[in-house]
Structures are given as structure tokens and as C-alpha cells.
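Engineer: how would this look folded up:
(chains A and B)
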Amino acid sequence: MNKKTGLFNIINGGVLIIICISMLYPFWNSLVKSFSSNSEIMRGNVFLWPKGITLSGYFELFNDALFFTSLKNSLYIVLSGTFIRLALSLMSGYAFSKDQLKHRKILFLLFILTMFFNGGIVPTFITVDKLGLYDTLWALILMGSMPVYHMILAMSFFRQLPNEIEESAFVDGASFIQIFLKIILPISKPLIATLIIFNAVALYNLFMQAVIYTQSPKNFVMQTYVRLKVFAAEAAAGSGSLETLMMLDKEDSGTETLKMAVLTLSSIPIIVVYPFFQKFFIKGVTLGAVKS
Amino acid sequence: MIIGQKHRVKKTSNYLYSQQNILYLFILPGLVILILFHYLPIYGVTIAFKNFNPIFGIMGSEWVGLKYFQRLWSSMFFWRVFKNTLVINLMQLICGFPAPIILALSLNEIRKTIFKRTVQTITYLPHFLSWVIVGGFVVNILSPSQGLITIISRLFTGEKSDLFLLIEPDAFPWILVFSSIWQSVGWGSIIYIAAISGINPQIYEASIIDGANRWHQMWYVTLPSIMPTIFVLLILRIGGIMGSNFEQIYVLLNSNVYSTGDVISTYVFREGLGKGNYSYTSAIGLFQSVIGFVLMMIANRTSKRFGRSLW
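Structural biologist: Just a heads-up that it's a prediction; the model follows:
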């Protein structure tokens, strides 16, 4: 029996190690390719270590004005978008946590319904266009800036807070606004940290909206930039045909070194902040699970 | 003393009453956003019944009734993307749904905390990458000139592979399935790990006394205990079977694999926004939403029958 358990442990551990290697290999491979010369990559020689070491990919990237435009735009969207989303979900979550809110049920329904219904790609596009937001960064910031799921998380967090905290402030004549700013927000730091992380990651990864609602290079964000560089020929052709895809795979279609530098560099922000937010997101997921 | 207290309570509640309207201010900005970006587009769905002309706008366009739904019904392309959406989602469900459960069970058998933590940290990571980056990884791995696939082929045959799986219609759905599992298996396992950690340890102790080994424990204690969680998530997944992961498919899709890889959302994007067939593609979107909604309702009904509602 002990022997059997030992074998079980070895196989189980071995499978998990293989899974981990398969998770890490794509990162590692693009990292080493980003430091390898294009010709070595195209000969299929780069596997675990860089060959023909070069920094040309990164030099080319840092000389590309479009890269810095995209980076700047992404930073702008992440900062302003996170602020707006956080503010709106905390504010509405606070109001919905109060029984004093008149027509609470119907208003809540109005919020919740948007999680299940939407107009679809085309009517939403027409509306955004009508609002004059097409091809602006504000389309990306304002779309989805009322995350109802976050509002629910905030609401259930506020409901857990003991009533006494607010009651004494009310007796002293404080308004909801003062209580929210001076009492509720300071004790909601764990919630705020979780929501900031969720929003910032989502906004950095924002891609579908960028494809639909922006067009001109001055409004490129990181993900559309990566798309342009890594899927260059395909993106240029609109819809890739066999020829363009095969061209992508030929030596003369821009350097592989550059593509891998783009992939590596664009995943770095996530990898760098990841260890810091790991403890928060697990809390967020299990919190949501309990509530749903 | 008593009177004074009563007075104070009354004063407070009057004060709260006067404060009620301030709470509207907390909701107003969010409501405005929802009206602009959710409810206006929902009104815009009416263009599915109109011959939408950008000059006349949504209101002014001519009403054509079910014309576009008839066109959709008889369109070969529509049924192709409809079928692809269903097939891809079913494949994702059958292969992708058990994966996080297996990972969670497997992790549960690990006794060394540090090893367990490391595996969790590594497997959660891909979830936070966008599909553009994951798509870049997929192309890099599958590339016949430089990818992992060619290295493996050289190992066995000594020759470079000339197979580019990304342009093979038969392989394309499987690429979607495996890249989805790669990206989300760790993240999906969190909820099962949480469920497993909630199991009463006494049940395990009792089973050990009854002579259960590790395998028995997994099969007869752990799995039945997390069944409710599995069930709810399965129902949710089935309810969402008409949806599609636009970003993943859009990034990897190419015209060679339209026959198996083109789904409703990518088709709507291409035909609607690309070619300007606004009304027709709105009809497709509406059709998809209605089926999706009915499925969600059926899913919720089913789970209610088993004693738990989804919301």
C-alpha cells in the first residue's frame, strides 16, 4: 500500500511538473528568441537557449514611435479607466447597500439586466459612432465603465460592515457623501485593491473594443500594436489568406526577433505585477463564488 | 430620558429620509453609462427589423419586418457559422470543462505546500494574458519553420515539418480547444480548490478507518463533495454555449479555416462592420442572443429543480 501511494505521488507530481513546463515554455521560448538572430530562428535552431545573440529586436522596438504611442495610450486607458470603473462601482455599490434607497429593487434590476442583455456588436457600434466616440480613446475608457459585477462585490462588502460605524456619524449630522468618503472608503482598502487590480489588468488587455472602436495609429493601444507586429501580414491583408500566412512564415517578412521582442515585452507588465496581486484575485474569485 | 431617546431616533430617521435623495447621486453616473452603452444599443437592435440607412438613423430607417431573418434562414453562411459556434463550444465544453477539475483533484493530492503553491502560481498566470499574446505564442509554437512542432518533427524524422496546423480546417478547432485549456485551466481550478478545502476533514478520517486508500478518497469523498460546484458551473457553461470567445478566434482565424473556424461573432464583425451589412448582422446577433437567453433560462430552471438557483 505504501509503495502504491509512493508511485501515485510520483506520477501525480510528474504530471503537474509537465503541466508547469508547458505553461512556462511559450514565455521562455519567446524570451530566448527575442535575443536570437533572425537567421538562427528561421533555421529552427532556437529552442531553449538564445543563438546568435543580438539586441536588434529591442533596438528596433525602441526606435518605433508607434510603440511609444501605444504604450502611452495603454497607460492613459489603464489609469483613467481604472479610476472611473472603481469610482462608479464603489458609489453604486454603496447606494445599493442601503435600504433607504428609494426604488432600490427596480434600479437594481436595471443594473443587473445589463449583465444578461446587450445590443450586440453592430447596434453598439452604431450607438458609439452616434455619440461621436468612434476612433477615440474615450470609447475604450467609457465602454464598460460601469462593471456591474464589481458593483455587486462592493455592495456585499459594504453590507457586511457593522451598522454602528455609520449610525454614530449620522447622529453627528454627517451626510452620506461625507460618510462614504471619510468612513467607508478608508476601511474598504482590501476591496479597493482587488478592484483596482481586476480593472487594470482588464484594461491593459483590452483588445476587442480597440479593434472595433478605434482605427487610426494615434489611437493604438498595446494589444493592437502586438497584433500589428506579430500578425503583421495577416493584419495588413485584413483577412489572412494562405499566401499571407505562409509569407508570415518566410524569412523576409520582418524579423522574428522583433516579433518575439514585442511578445516578451508586452507580457512583462503582467508578469511583473502578477506576484503582487495573486493574493487579491483568489479572494475576489471565491467571494464571487459565494455570492452567486 | 425615554422621551428624549425616542426623539433622537425620530430625528435621525427624519434626517436619513432627507438624505435619501443623495443616494441617487451615487447611482446616477453609473446609470448614465449603462443607458448610453447598454440600453441605447438594446434599442438599436430594432434595426434588425429595418433597412438601416446611416443617413436616416435608427428611427428614420424603413421598417422591413422579418426580411433579414428570412435572409438569415436561407443563408448557407449563417448556418455554417451557427454550426461552427455550436461545435467549437461543445468541444470546448467536453474537453475543457473537466480539465480544471482534474487539476484541482491532482493538486489536492500534493502534500508539499511549497510545490502546490508553485504549481498554482504558474498555472494561474496565463489567464492574465490577452488573447493577442496567447495567439502570438500559438503561432510561434506551431510555425513550421521555427516552432516547437518542427523541432519535434526533426527529432523523429530528421526533416523540418511543412505542416502549418493553423491553416488546416480539421486542426483549427482543436487549436482553439487546447489554447483555451492552456490559458484557463489554472484559473478555473481555483473555485474547485476552494470547494475541496471546505470539505470536513472528519469525513476523510472516517473513510481511512473504513480502509479507503487515496484513490478511494478522491473518488468517494472529494469528488462527491464538490459535485454541487461542478454541477452549477456545468449548467452555466451549457447556458453559454451560443456565445463565443471573439478575441481568441479573431486573433487566430484565417480564411483557410473559415469552414470550421468562422463563428457567429467573427462573421458578424466581418459582414457587419467590415462590409456595412448593419441590419442583416444585427438580425444574426439578435437570433444568437435569443437562443442564448432561452438556454440560460433552461439552465436556471434545471438547476432550480436540483435545489439551487444560479442567481
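Engineer: isn't A:Ser74 right next to A:Val221, touching?
Structural biologist: Yes. Contact criterion CB atoms under 8 Å: A:Ser74 and A:Val221 qualify, at 4.7 Å. Bear in mind the C-beta positions are built from the backbone N, C-alpha and C, glycine included.
Engineer: These two: which has the busier surroundings?
Structural biologist: A:Val221 (28 against 25; other CB atoms under 10 Å in any protein chain shown).
Engineer: Now do residue 47: how many residues are near it, please.
Structural biologist: This is for chain A. Neighbour tally, A:Phe47, other CB under 10 Å: 14.
Engineer: should've been chain B
Structural biologist: Neighbours of B:Ile47 (other CB under 10 Å): 26.
Engineer: Return the residues in contact with it.
Structural biologist: A:122-123, A:126, B:58, B:61, B:278-279, B:282 (CB atoms under 8 Å, 6 or more residues apart in numbering or on different chains).
Engineer: Look up phi and psi at it.
Structural biologist: phi -70, psi -10 (degrees, to the nearest 10).
Engineer: The one 5 residues further on now?
Structural biologist: Geometry field for B:Phe52 lists phi and psi as phi -70, psi 130, criterion degrees, to the nearest 10.
Engineer: swap in A:Ala65?
Structural biologist: According to degrees, to the nearest 10, A:Ala65 has phi -60, psi -30.
Engineer: Tally up the residues packed near it, please.
Structural biologist: Close neighbours of A:Ala65, defined as other CB under 10 Å, add up to 8.
Engineer: Find me the pLDDT at it, would you?
Structural biologist: The model reports A:Ala65 with a pLDDT of 89.
Engineer: From A:Phe220, how far off is it?
Structural biologist: 11 Å (CB to CB, to the nearest Å).
Engineer: just B:Val132 next, same as before
Structural biologist: Distance from B:Val132 to A:Phe220, by CB to CB: 12 Å.
Engineer: Could you find the residue in the stretch 151-300 of chain B that comes nearest to chain A?
Structural biologist: At 3.1 Å from chain A, B:Gly285 is the closest residue in the stretch 151-300 of chain B, using CB to the nearest CB.
Engineer: In contact with the nearest residue to that residue once chain neighbours are set aside, which residues are there?
Structural biologist: Counting by CB to CB, 6 or more residues apart in numbering or on different chains, B:Gly285 lies nearest to A:Gly120, which is 3.1 Å off, once chain neighbours are set aside. Taking CB under 8 Å, 6+ apart, we find A:Gly120 in contact with B:41, B:45, B:268, B:282, B:285-286, B:288-289.
Engineer: Same check on A:Asn29?
Structural biologist: A:46-47, B:140-141, B:148.
Engineer: Would you reformat these as a markdown table and include distance to B:Gly240?
Structural biologist: Shown next, in a markdown table, are the contacts of A:Asn29 (distance: CB to CB, whole Å):
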| residue | distance to B:Gly240 |
| --- | --- |
| A:Val46 | 39 |
| A:Phe47 | 39 |
| B:Asn140 | 30 |
| B:Ile141 | 28 |
| B:Leu148 | 32 |
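Engineer: So what's the residue count around residue 164?
Structural biologist: Since no chain was named, I'll use chain A. Using other CB under 10 Å: A:Glu164 sits among 8 other residues.
Engineer: other chain: chain B
Structural biologist: 23.
Engineer: Spatially nearest residue to it, not counting backbone neighbours?
Structural biologist: In space, B:Phe164 is closest to B:Pro144, 5.0 Å off (CB to CB, 6+ apart).
Engineer: which residues sit in contact with the residue of the stretch 51-200 of chain A found nearest chain B?
Structural biologist: Closest approach of the stretch 51-200 of chain A to chain B (CB to the nearest CB) occurs at A:Gly119, with a separation of 2.6 Å. Counting by CB under 8 Å, 6+ apart, A:Gly119 touches A:127, B:38, B:40-45, B:285.
Engineer: need the contact list for residue 203.
Structural biologist: Reading this off chain A. A:74, A:77-78, A:81-82.
Engineer: that's the wrong chain, I wanted chain B
Structural biologist: With CB under 8 Å, 6+ apart, B:Ile203 has these contacts: B:221, B:225.
Engineer: same thing but at 10 Å, please
Structural biologist: Contact analysis of B:Ile203 by CB atoms under 10 Å, 6 or more residues apart in numbering or on different chains lists B:217, B:220-222, B:224-225.
Engineer: which among the residues you listed end up buried?
Structural biologist: B:217, B:221-222, B:225 (16 or more other CB atoms under 10 Å in any protein chain shown).
Engineer: hmm, back to that, take the contacts of A:Gly119 and lay them out in CSV including neighbour count, secondary structure and pLDDT.
Structural biologist: Listed next are the contacts of A:Gly119 as CSV, based on neighbours: other CB atoms under 10 Å in any protein chain shown; DSSP: H, G, I helix; E, B strand; the rest coil; pLDDT from 0 to 100:
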residue, neighbour count, secondary structure, pLDDT
A:Thr127, 21, helix, 92
B:His38, 24, helix, 92
B:Leu40, 19, helix, 92
B:Pro41, 23, helix, 92
B:Ile42, 19, helix, 91
B:Tyr43, 15, helix, 90
B:Gly44, 23, helix, 88
B:Val45, 21, helix, 88
B:Gly285, 23, helix, 89
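Engineer: and the two most separated of those residues?
Structural biologist: B:Leu40 and B:Gly285 (15.2 Å; CB to CB).
Engineer: for B:Asn51, helix, strand, or coil?
Structural biologist: Assigned by DSSP: H, G, I helix; E, B strand; the rest coil, the conformation of B:Asn51 is strand.
Engineer: Run a quick neighbour tally on residue 149.
Structural biologist: Reading this off chain A. 15.
Engineer: that answer is for a different chain, and I need it for chain B
Structural biologist: Count around B:Ile149 with other CB under 10 Å applied: 18.
Engineer: For it, give me its contacts.
Structural biologist: A:44, B:141-143, B:160-161, B:163-165.
Engineer: Kindly recompute the last result at 7 Å.
Structural biologist: By CB atoms under 7 Å, 6 or more residues apart in numbering or on different chains, B:Ile149 lies in contact with B:141-142, B:161.
Engineer: quick one: which of the residues you listed sit in helices?
Structural biologist: Of the contacts of B:Ile149, the ones assigned to helices by DSSP state H are B:141-142.
Engineer: Need the buried ones from the contacts of A:Asn29 selected in ChimeraX.
Structural biologist: Restricted to buried positions by 16+ other CB under 10 Å, the ChimeraX selection for the contacts of A:Asn29 reads:
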select /A:46 /B:140,141,148
